[in-house]
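J.: could you look at this predicted model? Sequence included:
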Amino acid sequence: MRTSARNHFVGQVTEVKTGAVNDEIALRTQDGLEIVAVITHGSATSLGLAAGKPAFALVKASSVIVMVDATSSSVSARNYIAGTVASVTKGAVNAEVIIAAPGGAQIAAIVTNDSVDRLGLASGKPAAAIFKASSVIIGVDQ
């Protein structure tokens, strides 16, 4: 499958918390990341999501926030992935920041050049990729 989303995580559903309107889906990726998504109950049902089912998560790079000197307990977003900046590619206004997580996963984020400078983002520096569970799209292969 090909998509425009920069972040594509393949894994297996570990838990489904069912709600009246939305369900919370936990996915463990092949790289050992824990990704949490909130999707409609109807979507979870139509995808047949259940613990043990193979699935994938998509996250647009523009939905990823980059933080330094933060901990998972200091943000409200469910997805907090600590790692190291692998690369920074500046454009005219924005930059692409790639954060490498332990285990090999990479998360791409699009942030302003001002943010890169203000946060001191550079290869080898510690940073975290943060995104809300509602920013995650879950899919399954047919």
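T.: That came through fine. For clarity, every value in this text was computed on a predicted model and none was experimentally measured. Numbering: from 1, shown residues only.
J.: what's in contact with the particular helix or strand that has Leu58 in it?
T.: Counting by DSSP states H and E, the element that carries Leu58 is strand 54-59. With contacts defined as C-beta atoms under 8 Å, 6 or more residues apart in numbering, strand 54-59 is touched by 1, 3, 5-13, 25, 27, 29, 35, 37, 47, 49, 79, 107, 131, 135-141. (Glycine included, C-beta is placed from N, CA and C.)
J.: how about stretch 100-110?
T.: Contacts for stretch 100-110 (C-beta under 8 Å, 6+ apart): 6-7, 9, 29, 31-33, 59, 61-62, 64-66, 81-86, 94-99, 129.
J.: per-residue pLDDT of Gly48, please?
T.: For Gly48, the pLDDT comes out at 97.
J.: now, which of the contacts of strand 54-59 lie within strands?
T.: Here DSSP state E is the test, and those give 7-13, 25, 27, 29, 35, 37, 79, 107, 131, 137-139 as lying in strands.
J.: need the buried ones from those selected in ChimeraX.
T.: Those of the ones in strands among the contacts of strand 54-59 that count as buried under 16 or more other C-beta atoms under 10 Å are selected in ChimeraX with:
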select :7,9,11,13,25,27,29,35,37,79,107,131,137,138
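J.: Cys16 contacts Ala44, correct?
T.: Just to correct that, residue 16 is Val rather than Cys. Yes - using C-beta atoms under 8 Å, Val16 makes contact with Ala44 at a distance of 6.3 Å.
J.: list residues touching both of the two?
T.: Asp23, Ile25.
J.: those two: who's more crowded?
T.: Ranked by neighbour count (other C-beta atoms under 10 Å), Val16 and Ala44 place Ala44 first, with 23 against 17.
J.: and the strand or helix carrying that one, how far out from the chain middle?
T.: Ala44 belongs to helix 41-47 when assigned by DSSP H and E. Helix 41-47 sits 21 Å away from the centroid of its parent chain (C-alpha atoms, centre = their mean, to the nearest Å).
J.: list the buried residues of that helix.
T.: Under the neighbour-count criterion of 16+ other C-beta under 10 Å, helix 41-47 has Ser43, Ala44, Leu47 buried.
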